[in-house]
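[1] Pasted the sequence and its predicted model underneath.
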Amino acid sequence: MIHGLHHSAYRCRDSERTRAFYEDFLGLPLAGALRIETTKTGRRTDVLHTFFRLGDGSFLAFFEAPDMPFEFRAQHDFDLHIALRVNDAALGAMILLAQEAGIEVRGIADHGFIRSIYLRDPNGYVVELTAPVAGAGAAAMDAGQARAELARWNQRRQASRHAGRTASMAT
């Protein structure tokens with residue numbers, strides 16, 4: 001039933017600053033902007049929903065909603081990040097562009113099947129630019145290996161929980 005990702009949406013502080021990062025810096029064209037003044041439930045609002053087109057036809061989207069409080073904070077990579085595929089040559093070029101633009105950049109991190117750099121957008125979200133390593137993708141994304149690793153993880157978690165319950169009962 002599911003054919004692919006149409007868009008993934010996030011809140012933004014300022015639509016223009018977000019546009020400048022995603023369109024001017026990353027090169028993702030602004031493809032649409034939708035002003036929402038009334039929700040489907042009839043509530044009055046004033047929201048701008050913007051869409052940036054990726055090369056595969058999907059979109060990154062953002063909502064600027066000044067009348068709806070939202071806690072923006074710098075995200076940890078493990079909490080939330082947006083990973084965008086690039087070619088390997090782009091990694092080095094983007095490091096230089098980020099440094100010239102005064103944007104914090106980390107990497108290149110070699111994960112075996114991908115190489116990545118990490119940036120922060122104006123909203124505090126981590127943006128990972130990732131280049132697949134030739135010939136390594138199939139091995140890294142093997143469903144059988146993934147299920148086995150998940151099973152090992154769950155087994156360790158259950159053992160840890162059991163040990164914690166046993167220790168708390170002993171005290």
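    Okay, I see it.
[2] Every contact and neighbour count from this point should use C-alpha atoms.
    Fine.
[3] If the residue nearest the centre of the chain is in a bridge, with which residues?
    Nearest to the mean C-alpha position of the chain, by Cα atoms, centre = their mean, lies residue 82 at 1.4 Å. Beta-bridge partners recorded for residue 82 (DSSP bridges): residue 127.
[4] before we move on, what about residue 10?
    With DSSP bridges applied, residue 10 shows beta-bridge pairing to residue 62.
[5] burial of it, as a residue count?
    Residues lying near residue 10 (other Cα atoms under 10 Å) number 14.
[6] Next up, identify which helix or strand residue 27 is on.
    Using DSSP states H and E, residue 27 falls within no helix or strand.
[7] Need the pLDDT of it.
    You'll see residue 27 listed with a pLDDT of 95.
[8] just checking, next helix/strand downstream of whichever strand or helix holds residue 94?
    Using DSSP H and E, residue 94 maps to helix 88-101. Downstream of helix 88-101, the next assigned helix or strand under DSSP H and E is strand 105-110.
[9] what does that following strand contact?
    Residues outside strand 105-110 that contact it (Cα atoms under 8 Å, 6 or more residues apart in numbering): 91, 95, 98, 99, 115, 116, 117, 118, 119, 120.
[10] one more time with 10 Å
    With contacts defined as Cα atoms under 10 Å, 6 or more residues apart in numbering, strand 105-110 is touched by 91-92, 94-99, 115-120, 126-131, 133.
[11] Let me see the ranges of the helices in the chain.
    Using DSSP state H, the helices of the chain run over 15-19, 88-101, 137-140, 143-170.
[12] what mean pLDDT does the third one have?
    Taken as a whole, helix 137-140 has a mean pLDDT of 59.
[13] circling back to that earlier point, got a PyMOL select line for the buried ones in the contacts of strand 105-110?
    Buried residues within the contacts of strand 105-110, by 16 or more other Cα atoms under 10 Å, are selected in PyMOL with:
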select buried, resi 91+94+95+98+115+116+117+118+119+120+126+127+128+129+130+131
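[14] Relative to residue 85, how far out is residue 122?
    20 Å (Cα to Cα, to the nearest Å).
[15] out of the two, which sits in the busier spot?
    Neighbours per residue (other Cα under 10 Å) separate residue 122 from residue 85, with residue 122 holding more: 19 against 15.
[16] What lies in contact with the helix holding residue 94?
    Helix 88-101 is touched from outside by 25-26, 102-108, 114-120, 129-134, with contacts defined as Cα under 10 Å, 6+ apart.
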